[in-house]
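**Student:** Below is the sequence, then the predicted model.
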Protein chains: 2
Amino acid sequence: MTKKNLQVCLSPALFDLYADRKSIVVVVDVLRATSTMCIAFEKGVKKMIPVSTVDQALEYKATNPDYILAAERNGAPVNGFDFGNSPQTYINSDMKGKTIVMTTTNGTKSINIAKKDHDVVIGSFLNLKALANWLIKQERDVLVFCAGWKDKFNLEDTLFAGAITELLDKSGLYNNSCDAAQASKTLWEKGRHDLFGFLENSSHRKRLEKLNIDSDIHFCLKQSKTTKIPILINDQLIALDED
Amino acid sequence: MTKKNLQVCLSPALFDLYADRKSIVVVVDVLRATSTMCIAFEKGVKKMIPVSTVDQALEYKATNPDYILAAERNGAPVNGFDFGNSPQTYINSDMKGKTIVMTTTNGTKSINIAKKDHDVVIGSFLNLKALANWLIKQERDVLVFCAGWKDKFNLEDTLFAGAITELLDKSGLYNNSCDAAQASKTLWEKGRHDLFGFLENSSHRKRLEKLNIDSDIHFCLKQSKTTKIPILINDQLIALDED
């Protein structure tokens, strides 16, 4: 069989260079949007609607009063919203059957960039193995899309890209000609045994330290805690279950 | 003393996010533009004029018939020009006192992006140590600017960014809050003992393999073979010598 392409895009500002209209795009924003999405579905959320702006989120709420609003900007919850993007919120709340409208600094923006021409699924360390298994079964090209921080490269999303590159590589299904995929995998091999320590000096850990949410970071770096794979269908996320 | 900023920008498409009008920008295009520039000055070239287009290069030649033209596109020399961007060309020619007008796919483009608001110097493995020493003496913020390949991330420029990050870090003068600098340094630590092997599957090595210029790659990965530091003054490169 012809090998499939595996690419990694390190910033939303570079997405057009990697977009090919045929790859499945894995959007990743480890701290914390896509981790939160994965755990929300694990906790029984039925549907998530990623929107780019706070205004769009409020419009949804106006016509659907039972929707739950989650909004984060610069790492903190937006005033007046039910939630920010802390994944642990969803563990402590009864979310069964709920619909969440969510907007975050980087994660939902990246979803909306990718969805124009591509099928989109959501990745995080929390659903790492299930996602890799599911991707391999699709036998399609894969583009891992790191949300970064305001278009800048970040370490944590790149580590995830490396982790999934490693798992996909093992299948023998993909070629390895993408420099960013190779770099990501090398970083993952170096950092995998102490992700929290590896991120000690990272810009986002420092950003979140100020917000006093170290426990969120520990949570988001746990691996393969759910088999849910959020997938975008008609602009809304629902979850596949890769048992 | 307040620590200085050290940043790494992994692609020309991201430059605006890192630009701050005050950093010294180190432009790097290891394979092969900036390696060639360093070795050209080592071999006695007096001046290099980096231009963005083949047309601009031809205009210079029209008014300055003694100028030497060097042009590369997609890894190969441009027809009708004296040279492409093979560094070894300059070793085998008598270049003493000459002026070279040069345009390349990525390197000269990056110089021209950076020069609008920043002081620009040229980096490559060939002038690594001299450049690091010189930068430390300036006591200014530093932005290492990887030329990449057509705006995509590439491994070889990132390895160089990691090498110089390591040397600057050792001075204790710089803070280490840039994720891309940390990632680059980790890649360098992994690849430093066999750069050629580390680049085995890189996109640009494969691109150059087809052009049969493996020896150029080996040459460009040699470290600290010159103390020349090309610096851009009034749109033209001249060389400082960091003895």
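**Tutor:** Good, I have the coordinates.
**Student:** lowest average confidence, helix or strand, in chain A?
**Tutor:** helix A:203-210 (a mean of 75; mean pLDDT, DSSP states H and E).
**Student:** Let me see the backbone angles for A:Leu17.
**Tutor:** With angles defined as degrees, to the nearest 10, A:Leu17 sits at phi -70, psi -20.
**Student:** Next up, the contacts around it.
**Tutor:** In this structure, A:Leu17 makes contact with A:9, B:13, B:150-152, judged by Cβ atoms under 8 Å, 6 or more residues apart in numbering or on different chains. C-beta here means a position set from N, CA and C on the backbone, and glycine is covered the same way.
**Student:** quick one on the thing from earlier: kindly export the least confident helix or strand of chain A (C-alpha atoms) in PDB.
**Tutor:** As requested, the backbone C-alpha atoms of helix A:203-210 are provided in PDB (Å, rounded to 0.1, in the frame of the first residue of the first chain):
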ATOM      1  CA  SER A 203       5.900  30.200  28.300                       C
ATOM      2  CA  HIS A 204       2.500  28.700  28.900                       C
ATOM      3  CA  ARG A 205       3.400  27.000  32.200                       C
ATOM      4  CA  LYS A 206       4.600  30.300  33.400                       C
ATOM      5  CA  ARG A 207       1.500  32.000  32.200                       C
ATOM      6  CA  LEU A 208      -0.700  29.500  34.000                       C
ATOM      7  CA  GLU A 209       1.400  29.500  37.200                       C
ATOM      8  CA  LYS A 210       0.400  33.100  37.600                       C
END
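**Student:** and the next element down the chain from the longest helix along chain A?
**Tutor:** When secondary structure is assigned using DSSP state H, the longest helix within chain A turns out to be helix A:155-170. Note on helix A:155-170: by DSSP states H and E, the next helix or strand toward the C-terminus is helix A:179-191.
**Student:** and whatever helix or strand comes next after that following helix, average pLDDT?
**Tutor:** Toward the C-terminal end, the helix or strand that comes next after helix A:179-191 (DSSP H and E) is helix A:195-198. Averaging the model's pLDDT scores along helix A:195-198 yields 94.
**Student:** Which neighbouring elements make contact with helix A:195-198?
**Tutor:** If you count contacts as 3 or more Cβ pairs under 8 Å, 6 or more residues apart in numbering or on different chains; DSSP states H and E, helix A:195-198 packs onto helix A:155-170.
**Student:** from memory A:Met48 sits against A:Ile39, does it?
**Tutor:** No: look at A:Met48 against A:Ile39 with Cβ atoms under 8 Å: they stay out of range, at 11.3 Å.
**Student:** sorry, back to before: now do the least confident helix or strand of chain A against helix B:179-191, angle only.
**Tutor:** Between helix A:203-210 and helix B:179-191, the angle comes out at 130 degrees (axes from the mean of the first three to the mean of the last three Cα atoms, to 10 degrees).
**Student:** Helix A:203-210 relative to helix A:155-170, how many degrees between them?
**Tutor:** Per the same axes, to 10 degrees, the angle that helix A:203-210 makes with helix A:155-170 is 130 degrees.
**Student:** if we can go back for a sec, farthest-separated two in the contacts of A:Leu17?
**Tutor:** For the contacts of A:Leu17, the maximum inter-member distance is 13.9 Å, found between A:Cys9 and B:Lys150 (Cβ to Cβ).
**Student:** So for these two, which residue has more residues nearby?
**Tutor:** Looking at A:Cys9 and B:Lys150 with other Cβ atoms under 10 Å in any protein chain shown, you find the greater number of neighbours at A:Cys9, namely 30 against 14.
**Student:** Not counting sequence-adjacent ones, nearest residue to that one?
**Tutor:** A:Tyr18 (4.3 Å; Cβ to Cβ, 6 or more residues apart in numbering or on different chains).
**Student:** Count the residues that sit near the one you found.
**Tutor:** Around A:Tyr18 sit 20 other residues, with neighbours defined as other Cβ under 10 Å.
**Student:** Now do the contacts for it.
**Tutor:** The neighbours of A:Tyr18, taking Cβ under 8 Å, 6+ apart as the test, are A:7, A:9, A:143, A:145, B:152.
**Student:** pLDDT score for it?
**Tutor:** Reading off the per-residue confidence, A:Tyr18 sits at a pLDDT of 96.
**Student:** and if you look at A:Asp169?
**Tutor:** Each residue has a pLDDT score; the one for A:Asp169 is 96.
**Student:** Buried residues in the longest helix of chain A, which are they?
**Tutor:** Going by neighbour count (16 or more other Cβ atoms under 10 Å in any protein chain shown), the buried part of helix A:155-170 is A:155-169.
**Student:** what subset of the residues you listed is also close to chain B?
**Tutor:** Contacts with chain B within these, counted by Cβ under 8 Å from any Cβ of the partner chain: A:155, A:158.
**Student:** Please work out how many residues are found near the residue nearest to A:Thr158 when sequence neighbours are not counted.
**Tutor:** If the residues on either side of it in the chain are set aside, A:Thr158 comes closest to A:Ser184, at 5.0 Å by Cβ to Cβ, 6+ apart. Counted with other Cβ under 10 Å, the burial measure for A:Ser184 works out to 27 neighbours.
**Student:** so who does A:Ser184 touch?
**Tutor:** With Cβ under 8 Å, 6+ apart, A:Ser184 has these contacts: A:8, A:144, A:158-159, A:161-162, A:165.
**Student:** Adding pLDDT, write these out as TSV.
**Tutor:** Output for the contacts of A:Ser184, formatted as TSV (pLDDT from 0 to 100):
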residue	pLDDT
A:Val8	98
A:Val144	98
A:Thr158	98
A:Leu159	98
A:Ala161	98
A:Gly162	98
A:Thr165	98
